Structures are given as C-alpha cells and as structure tokens.
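> Provided below are the primary sequence and the corresponding predicted coordinates.
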Amino acid sequence: MRELTSDDARRAVLGGGVFACGGGGWQHHGELMGRLATEVNRPVLAAIDELPQDSWVATVTAIGAPAAKDWEIRPVDYVHALQELMRVSDVPISAVITGQNGYSTTLNGWIQSAVLGVKVLDAAGDVRAHPTGKLGSLGLTSREGYVSTQVVCGGNRSLHGHFTSINTGRVDTCDDVLRDISVRTGGFIAAARNPVELSWVRDHAALGVISLALQLGAEMEEAGEGAAAGMRGAAVAAAVCKRIGGTVIDRGALFFEVPLTTRGGFDHGTFRIGAHTVPYLNEYMAIEGPQGRVSTYPDTIVILRAEDGFPLAVKDAHEGLDAVLIRAEASALPLSSSAVDPVAVGECERIMGIDFLEYLPQRAGR
C-alpha cells in the first residue's frame, strides 16, 4: 500500500486523460479532486493482494455526459453517495474502485479514501473510459441472483436542488434509472454502487490500471520536459504509444464529420482526422478508414493534440486542430469482464447504430 500525493494526482489526470478516450470526466475536475483529496488527508492505494480476502468493494464514479452545460458535482457529493451506500448495505465496504480511468475518473475514490478511510483499490471496471455504467459493472449484468444497490447524490443546486436516490434491482435497470437522473439534475451526478466480494473484483476487474495511469502520466511529463523546441507533441505521443502498445493511425486537422449533440445523457458525434472518422458516444468508440473498420471498443482510442501531446476531450475539440489519432488493441492492456459483456456492449450498438458485438475480443480467464 502507498499514500497518494499531489504529484500522483497531477500524473493521474495526465495519464488518465489518455485512457479517457475523449470522455472520462474533465481535466479541471480531476485537478480539483486530486488537490483536495491530498490536502485533506492522504488517500491510500492498495493492490488487490494487500487487502484481506474477505473485503467488500464498491464502485464509485459519476454518471452523465461530459459536455452537458449545466452539470454540477461537488466533492462532498462523492463522499455522501458512498456514506449512504455503506449505510444501506448489509456488507462492510472497506475499499472502492473506479468504474474507469479518465481525466477525473482515475481519481474516483481518492476523496472517499481521504475522508472515510476506505482503500483505493488498484483496479477498475475498465482500463479506458466508456459511456455507460454497465460497461464498468464487472460483468454483474449476468451474475445470477445479484441484486444491485446504486446510490446517486448531488446535482445542479440552483436549477434542480440537491438530489439523493437509493436504487436496488438489476444492474442494467438501475443503470438506466441513474442515467435518467443525471439528465434531470443537470447532466452529471456522483454515484456509489454494486458492493461485491474482493474475489469477484480479482476475477472480473482490470487490475493494476490506476498504477498504469500514474506511470503513463509520469512518462508523458518526462517526455515533454526533455523534448527539443517544437518536438514536445511528438515526444509525448511516442511515450504514450510505448506505454500502452499504441499505433499512430493518422495525423492531421480535425473536423466535425457529425456535429456534437448532447441527448439522453450522452454526447453524440463523429470527428474526422485525415482519412479516418471517429464516432463517439461520450468517448471514442471506433475508427473507420477507407477500407472499413480499423478499431472498435474496447480498444483504447486516443486523440492527442499534435502541438503538446495532451489528450483531447470531445468537449474541447475545435475544427482545424492539428491532432494525432492513436489506437491500442484491447489485448495489449488489462481487460475487464464488463468491457466484453454482450449486454453492455450491445446497448452501445443499439444507441450508435454501428457494429460492436462482431468485433468483441475474447477475454483470457484468470
């Protein structure tokens, strides 16, 4: 186990921003949450073998569309959501995981650890960011007899007031309800959900991926600081590809093939970079080229700003931006059960109207 520092927080935002795949929260929110958590106390990061085998683990995250205009999440909302889940749960929750890596989502659980003393487990529901809670739910959509408990807390106070909701039922149904709540409360809301045994996390999560994001962030910083004038972007892109097993697919000016719209709790649209298009649903979900499909979720799909190598969020894109398009095959990185869950992935297929299921990789058993 180790205490997480302000340096870790900075690197988590940078490395997590790569795995954000265009979504994964917000840079400024990650910086706020990391700074606050490491100033209030010291969050503790634990490997799965460092926790008692009878530990229970909950997933902590936020739900909504990153480009929503009226979202509001206060740091205390994350704490209150977990407190409420711990109150209503009939098992002792002693550790938390994030549903995914991302700009701010890599830091999910840090403020809860600092305030409530739970451990941040070095694992996630997905190594990369994704648009639905089902994709980070550790394969629980198909766990026979599992009853999900999911709590949300927060919302835009001035427009909708403070909101707390406790939901129990099937994972997929609760997830749909929480998505609707996020829309009705301003666009985003803090969540704590799905208590499970540590053994389930061991078998179904993407393990070691918080450390992976921290390491990537440190290497990106080092590459940028050591680069010659005008070469920072190329140096950082090379560092990213080396760490995640990535390949540069294209580079050039970014254009809006399909303009961004926010509806149903999701950001929808498509970018074009060179000869390739990148459809997104909150996050980059595929790459299409002149000869057809080049990459498909759960591959890690990254767009970097060519100037400095910083990962690009959907909400920050503008036409004409010089960008680098990178993909890393899912098999090159830790892969969770939920990232290849046909129920979860099939929902994206229906929402976006493009094929996903036929491209699903096989997940090696542990």
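In hand now; what should we look at? Numbers count the residues shown, from 1 in each chain.
> give me the beta-bridge partners of residue 324?
Beta-bridge pairing of residue 324 under DSSP bridges involves residue 251, residue 304.
> that one against residue 308, yeah?
No: with contacts counted by Cβ atoms under 8 Å, residue 324 stays clear of residue 308, the gap being 10.8 Å. Every residue, glycine included, has its C-beta placed from N, CA and C.
> shared neighbours of these two, which are they?
Contact criterion Cβ atoms under 8 Å, 6 or more residues apart in numbering; residues shared by residue 324 and residue 308: residue 233.
> just the helices in the protein please.
Ranges of helices in the chain, per DSSP state H, are 6-19, 27-40, 75-88, 110-116, 157-160, 171-184, 198-204, 209-226, 232-244, 342-352.
> quick one: closest of these to residue 271.
Nearest to residue 271, of all the helices of the chain, is helix 342-352, at 14.0 Å by Cβ to Cβ.
> contacts for the closest one next, please.
Everything outside helix 342-352 that qualifies as a contact, by Cβ under 8 Å, 6+ apart, is 131-132, 134-135, 137, 141-142, 172, 264, 266, 268, 279, 281, 285, 297-298, 338-339, 355-357, 360.
> among those, which ones are buried?
When burial is judged by neighbour count using 16 or more other Cβ atoms under 10 Å, the buried members of the contacts of helix 342-352 are 131-132, 134-135, 137, 141, 172, 266, 268, 279, 281, 285, 297-298, 338-339, 356, 360.
> burial measure for the closest residue to residue 311 other than its chain neighbours, as a count.
Nearest residue to residue 311, sequence neighbours excluded (Cβ to Cβ, 6 or more residues apart in numbering): residue 17, at 3.9 Å. Neighbour count of residue 17, defined by other Cβ atoms under 10 Å: 31.
> shouldn't residue 17 be in contact with residue 25?
No: Residue 17 is beyond contact range of residue 25, at 9.1 Å (criterion: Cβ under 8 Å).
> related to what we said a few turns ago, residue 64 is nearest to which of the helices of the chain?
Going by Cβ to Cβ, the one of those nearest residue 64 is helix 171-184, 3.8 Å.
> and the angle from the closest one to helix 342-352?
Orientation note: helix 171-184 sits at an angle of 40 degrees relative to helix 342-352 (axes from the mean of the first three to the mean of the last three Cα atoms, to 10 degrees).
> can you spell out which helices and strands pack onto helix 171-184?
On a contact count with 3 or more Cβ pairs under 8 Å, 6 or more residues apart in numbering; DSSP states H and E, helix 171-184 meets strand 56-64, strand 148-154, strand 163-169, strand 188-197.
> could you export these as CSV, including mean pLDDT and distance to residue 293?
What follows is the helices and strands packed on helix 171-184, written out as CSV (pLDDT from 0 to 100; distance: least, Cβ to Cβ, whole Å):
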stretch, mean pLDDT, distance to residue 293
strand 56-64, 94, 28
strand 148-154, 96, 33
strand 163-169, 95, 35
strand 188-197, 96, 31
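> may I see these organised as a markdown table, with distance to residue 205 added?
Below are those laid out as a markdown table (distance: least, Cβ to Cβ, whole Å):
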| stretch | distance to residue 205 |
| --- | --- |
| strand 56-64 | 9 |
| strand 148-154 | 16 |
| strand 163-169 | 22 |
| strand 188-197 | 9 |
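> quick one, which of the ones you listed gets closest to residue 216.
When the helices and strands packed on helix 171-184 are compared by Cβ to Cβ, strand 56-64 sits nearest residue 216, at 20.1 Å.
> what angle do that closest one and helix 171-184 make?
Using the same axes, to 10 degrees, strand 56-64 lies at 40 degrees relative to helix 171-184.
> going forward, begin numbering at 18 instead of 1
Sure thing, new numbering starts at 18, so read that last one as strand 73-81.
> and strand 73-81, what does it pack against?
Counting by 3+ Cβ pairs under 8 Å, 6+ apart, strand 73-81 packs on helix 92-105, strand 110-115, helix 188-201, strand 205-214, helix 215-221.
> these: lowest mean pLDDT?
Ranked by mean pLDDT, the helices and strands packed on strand 73-81 bottom out at helix 188-201, with a mean of 92.
> now residue 245: how far from residue 339?
18 Å (Cβ to Cβ, to the nearest Å).
> show me which of the two is the more surrounded one.
Neighbours per residue (other Cβ under 10 Å) separate residue 245 from residue 339, with residue 339 holding more: 14 against 8.
> wait, the more buried one sits on residue 325?
No: in this structure residue 339 lies outside contact range of residue 325 using Cβ under 8 Å: 10.4 Å.
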